[in-house]
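Trainee: Quick one, what's the 3D model for this:
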Amino acid sequence: MKYGFAFLTACLLAGGLWGQDEVDPLGINARWNNGLELKTNDGNTSLKLGGRIMLDHAWFGDDSESVDGTEFRRTRLMLSGKVNQFEWKTQYEFARGGEGSDDKGHRPAFKDVYVGVSGVPYAGALRVGHFKEPFGLEELTSSKYITFMERSLTSAFVPSRNVGLMAHRTLDNGTLAYGIFRTTGDNGFDEGDGDYSVTGRYTRLLRNDGDNLVHFGAAVSSRTLDGMRIDRRPSAHLAEKLKDGVAEADGEFKYGVEAAWVRGPLSVQAEFMGSSVDGASNFGYEGWYIMGSYFLTGESRPYDSKKGTFKRVKPAQEFSWGESWGAVELAVRYGSIDYDDYIVSPKPGVMIPTIGHKLDDLTVGVNIYHNPTFRTMFNYVYSDMDGGEDVHAFMVRWQIGL
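Mentor: Coordinates of the predicted model:
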């Protein structure tokens, strides 16, 4: 009996050792890659689960028409994957901290929902679905990685997410993306004749020596419109908007240039955008910002050369009680948006000439990256709005981004 048991044990051990020499290509490995990631041994198929939670608080000056408040700015759940040359992504937003059904919130909706394929001759890769049009460095940098709680005033120019077909590729020292889109907004729904656009962006790294890089980019977008609305708001999401109204418009041409310089812990970034609108009365507006940041703890702002954007900060020493708070970053940004020709009347189709109708905005921030997925943000915002109130706001965000 004991010899039989010994023989069976030896066979099992031999079988196990033999099996170690053979790797099942379809075997699945699980790992933590700032989110749960499953991948087959051959690397051809993968699945990633991620998301983000951003809880904001804002306090406004006593003389402000805006009131103190709190909101979940974003609460998203994301699934993405790859099957050989095909990719897909689906991302859902559950927070009420955005634009939509009322001035402060929106119904839950999806954000990125698309499929794509790589290795396409000449095009590089194709993507179809609901995603961001290729326009703007700050806009295309994920909200998980932007330096301030809110994007700059140039957000008034960017088309953001719509349904479309886009080709994109990585060049030797840059990127190129272009596509055709239908204006749909959240949930990707639209019917009727619709508004269409053709949008493209080109970026180039003029220098890339480790933590020393120079980025340059440009984007254009030609759009058909059935009316438009311009609403201004400072870089504080809970602040009240200054509603300018609506205008008859049948076409718009947007353009933008962008630049960034990173040298060790120091980073400087700037964008200029403009728009020319055709309609009952032709008018235009323009905006810009410049920002700088510095890591007191020595980290450098990381760059994603495949997308031409910035990516996740990984602190040199992660949070540990009594030892380290993580990476600490100081940042400042100044921006302006100027409706130099006209403002839009609340009465549709009526254009009113104006001089110096603009919004100036200063934001000062402190970011603490406790680890690659969790950070605390502090922002002070001062906005000077012609035709509206001056805004003083102090804001705090607790964020987890997978």
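
Trainee: quick one: secondary structure of residue 154?
Mentor: Assigned with DSSP: H, G, I helix; E, B strand; the rest coil, residue 154 falls in the helix class.

Trainee: now it: how far from residue 164?
Mentor: 21 Å (C-beta to C-beta, to the nearest Å). Every residue, glycine included, has its C-beta placed from N, CA and C.

Trainee: Report the buried residues of stretch 49-64.
Mentor: Within stretch 49-64, the residues scored as buried using 16 or more other C-beta atoms under 10 Å are 50-56, 58-60, 64.

Trainee: Name the helix or strand for residue 139, please.
Mentor: In this structure, residue 139 sits in helix 137-140 according to DSSP states H and E.

Trainee: Among the buried residues of stretch 49-64, show me the least confident.
Mentor: Note: of these, the lowest pLDDT belongs to residue 64, at 77.

Trainee: And it, how far from residue 193?
Mentor: Applying C-beta to C-beta, the value for residue 64 to residue 193 is 42 Å.

Trainee: and if you look at residue 45?
Mentor: Computed with C-beta to C-beta, the distance linking residue 45 and residue 193 is 41 Å.

Trainee: Could I get the full set of strands for the stretch 201-350 of the chain?
Mentor: Applying DSSP state E, counting those that start in this stretch to the stretch 201-350 of the chain gives strands spanning 212-224, 228-232, 242-247, 249-263, 266-279, 283-295, 303-304, 309-310, 327-339, 342-344.

Trainee: Format the ones you listed as TSV; extra columns: mean neighbour count, mean pLDDT and distance to residue 88.
Mentor: Below are those laid out as TSV (neighbours: other C-beta atoms under 10 Å; pLDDT from 0 to 100; distance: least, C-beta to C-beta, whole Å):
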stretch	mean neighbour count	mean pLDDT	distance to residue 88
strand 212-224	19	97	25
strand 228-232	17	71	33
strand 242-247	19	61	37
strand 249-263	19	95	29
strand 266-279	19	94	30
strand 283-295	20	94	34
strand 303-304	17	97	20
strand 309-310	22	98	20
strand 327-339	21	94	33
strand 342-344	23	51	40
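
Trainee: Distance to residue 391 added to those, as JSON lines?
Mentor: Listed next are the strands of the stretch 201-350 of the chain as JSON lines, based on distance: least, C-beta to C-beta, whole Å:
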{"stretch": "strand 212-224", "distance to residue 391": "29"}
{"stretch": "strand 228-232", "distance to residue 391": "11"}
{"stretch": "strand 242-247", "distance to residue 391": "10"}
{"stretch": "strand 249-263", "distance to residue 391": "25"}
{"stretch": "strand 266-279", "distance to residue 391": "22"}
{"stretch": "strand 283-295", "distance to residue 391": "17"}
{"stretch": "strand 303-304", "distance to residue 391": "32"}
{"stretch": "strand 309-310", "distance to residue 391": "27"}
{"stretch": "strand 327-339", "distance to residue 391": "14"}
{"stretch": "strand 342-344", "distance to residue 391": "19"}
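
Trainee: In the chain, where is pLDDT below threshold?
Mentor: By pLDDT under 70, the weakly predicted segments of the chain are 1-23, 96-107, 230-231, 242-247, 280-281, 340-356, 387-388.

Trainee: Quick check: end-to-end length of stretch 175-189?
Mentor: 29 Å (C-alpha to C-alpha, to the nearest Å).

Trainee: coming back round to it: any buried residues in the helix or strand following the helix holding residue 139, and which?
Mentor: Later in the chain than helix 137-140, the nearest helix or strand by DSSP H and E is strand 161-171. Within strand 161-171, the residues that count as buried by 16+ other C-beta under 10 Å are 161-164, 166-170.

Trainee: Give the full set of residues in contact with the most centrally placed residue in the chain.
Mentor: Nearest residue to the geometric centre of the chain (C-alpha atoms, centre = their mean): residue 142, 3.0 Å. Contact analysis of residue 142 by C-beta atoms under 8 Å, 6 or more residues apart in numbering lists 309, 311, 401.

Trainee: run the last query once more with 10 Å
Mentor: 52, 132, 304, 307, 309-312, 401 (C-beta atoms under 10 Å, 6 or more residues apart in numbering).
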